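K.L.:
test case, fold it:
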Amino acid sequence: MFNLFDYGWLNMSSLVFGLIAWIIPIFNIIRHKKRGNNHSIPTLLSMGSCAIALWSQLSYNIYLIEINDYPALLDTVGTLNWVAAILIFTTIILNVISITLNRNVVSD
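P.N.:
As a prediction, the model looks like this:
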């Protein structure tokens with residue numbers, strides 16, 4: 001039977017929101033001379049997407065614990081730790097670069 005909430009979607013949503021967290025500041029960096037200096041909303045969206053991506057992975061780990069799939073949890077938790085660190089630090093660095101470049105741009 002089709003399950004409305006399949007826990008496999010948590011992994012896909014984590015990937016999608018992680019990419020969104022990186023694409024938003026990259027887009028702002030590329031277009032920094034064509035925009036005004038309002039960088040707070042894209043930065044919040046990027047950091048929020050990063051948080052949702054991390055929440056999705058934590059929720060999936062809780063699901064693995066609930067179904068007692070400890071081998072799967074033990075196989076993935078080390079990699080998840082590194083991937084989460086890369087996601088967080090890259091998102092922060094990209095947003096800092098975006099804010100720095102957009103700080104000196106005057107609105108039209």
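K.L.:
give me the distance from the biggest helix by length in the chain to the chain's centre.
P.N.:
When the chain is scanned for its longest helix (criterion: DSSP state H), the result is helix 70-103. How far helix 70-103 lies from its chain's middle: 7 Å, per C-alpha atoms, centre = their mean, to the nearest Å.
K.L.:
tell me the helices and strands packed up against that helix.
P.N.:
If contacts are counted by 3 or more C-beta pairs under 8 Å, 6 or more residues apart in numbering; DSSP states H and E, helix 70-103 sits against helix 8-30, helix 40-66. Yep, even glycine has a C-beta here, placed from its N, CA and C like the rest.
K.L.:
quick one, it and helix 8-30 angle?
P.N.:
20 degrees (axes from the mean of the first three to the mean of the last three C-alpha atoms, to 10 degrees).
K.L.:
poorly predicted segments of this structure, please.
P.N.:
Residues of the chain meeting the criterion pLDDT under 70: 1-5, 34-38, 104-108.
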